[in-house]
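Trainee: just coords:
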């Protein structure tokens, strides 16, 4: 898998955080101070923008501890622009879950903006309202994906450092630790991400609470070829505390 193709995987699922062409692998070379390298790597991740607009349809497949499951249709639309660009997630009414709309606005050098709307039963969502930092640790459509997960909010936290290099999924990775000095009561206090050293793209992550207990596990899944390019078809997030699991799977043939 070449670097531009691997980066496109992250564009699709990670809220379009990485552009089609970027050089993130140079952010943390050997010998660089862990904090300086981590800050540089996080800065490149959060300030990069996608190269072009895109739209994909897919499904949130949710499986609960008791074995019950549900499937929620979702679309993801990426809109490029200057000085800001945005990603819009829209879910449809399904299985008793009301439709939702999430807009994540990215601006270089500034915090993400989150706007969210939830519809009444059987209706479409109204205009989304801006959320505060304490409101983004909220599930999207009852899934295990919080709104902040889809915006990769942890790359915006002030404390970032590269803690080590190790192999994961047969890839050499920089392990980036992101610390939230003021976590919300039910939010993350620390996130550890594995970033492919060759491409700079994230391949998995773990989120911890204020007691340093693991609460979420994230992993990339299936990939497939579209027009000769490798693209991500599936990713999964597991809530360790509730023992529930959500898979976000895209149908790359239906753009």
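Mentor: Nice, thanks for sending it over. No experiment lies behind these values; they were computed from the predicted model shown.

Trainee: Three-state assignment for residue 35, please.
Mentor: At residue 35 the chain is in helix, as set by DSSP: H, G, I helix; E, B strand; the rest coil.

Trainee: isn't it up against residue 158?
Mentor: No - Residue 35 lies out of contact with residue 158 (C-beta atoms under 8 Å); the separation is 11.1 Å. In short, each C-beta sits where N, CA and C put it, glycine included.

Trainee: neighbours around the residue nearest to residue 143 when sequence neighbours are not counted, how many?
Mentor: Of all residues not flanking residue 143 in the chain, residue 246 sits nearest, at 4.2 Å (C-beta to C-beta, 6 or more residues apart in numbering). Per other C-beta atoms under 10 Å, the neighbour tally for residue 246 reads 24.

Trainee: chain center to the helix or strand where residue 215 lies, what's the gap?
Mentor: Using DSSP states H and E, residue 215 sits within strand 214-220. Offset of strand 214-220 from its chain centre (C-alpha atoms, centre = their mean, to the nearest Å): 11 Å.

Trainee: and what of stretch 170-185?
Mentor: Chain-centre distance of stretch 170-185: 13 Å, with C-alpha atoms, centre = their mean.

Trainee: with stretch 100-119 instead?
Mentor: Averaged C-alpha coordinates place stretch 100-119 at 13 Å from its chain's average position (C-alpha atoms, centre = their mean).

Trainee: list the buried residues in it.
Mentor: 100-107, 112, 114-119 (16 or more other C-beta atoms under 10 Å).

Trainee: ends of it, how far apart?
Mentor: One end of stretch 100-119 sits 6 Å from the other (C-alpha to C-alpha, to the nearest Å).

Trainee: avg pLDDT for it?
Mentor: What stretch 100-119 shows for mean pLDDT is 92.

Trainee: again with stretch 131-147
Mentor: 93.

Trainee: show me what the strand holding residue 215 is packed up against.
Mentor: Using 3 or more C-beta pairs under 8 Å, 6 or more residues apart in numbering; DSSP states H and E, the elements in contact with strand 214-220 are strand 202-208, strand 234-239.

Trainee: in JSON lines: the ones you listed, plus mean neighbour count.
Mentor: Shown next, in JSON lines, are the helices and strands packed on strand 214-220 (neighbours: other C-beta atoms under 10 Å):
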{"stretch": "strand 202-208", "mean neighbour count": "21"}
{"stretch": "strand 234-239", "mean neighbour count": "19"}
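
Trainee: what is the nearest of the buried residues of stretch 100-119 to residue 65?
Mentor: residue 100 (22.7 Å; C-beta to C-beta).

Trainee: before we move on, back to that, buried stuff in the strand holding residue 215?
Mentor: Neighbour-count burial for strand 214-220 [16+ other C-beta under 10 Å]: 215, 216, 217, 218, 219, 220.

Trainee: among those residues, which one has the lowest pLDDT?
Mentor: Out of the buried residues of strand 214-220, that is residue 220, at 76.

Trainee: mean pLDDT per helix and strand in this structure: which one sits at the bottom?
Mentor: Here the helix or strand of the chain ranked lowest by mean pLDDT, DSSP states H and E is helix 3-13, holding a mean of 38.

Trainee: count the neighbours of residue 57 for me.
Mentor: So residue 57, with other C-beta under 10 Å, has 16 neighbours.
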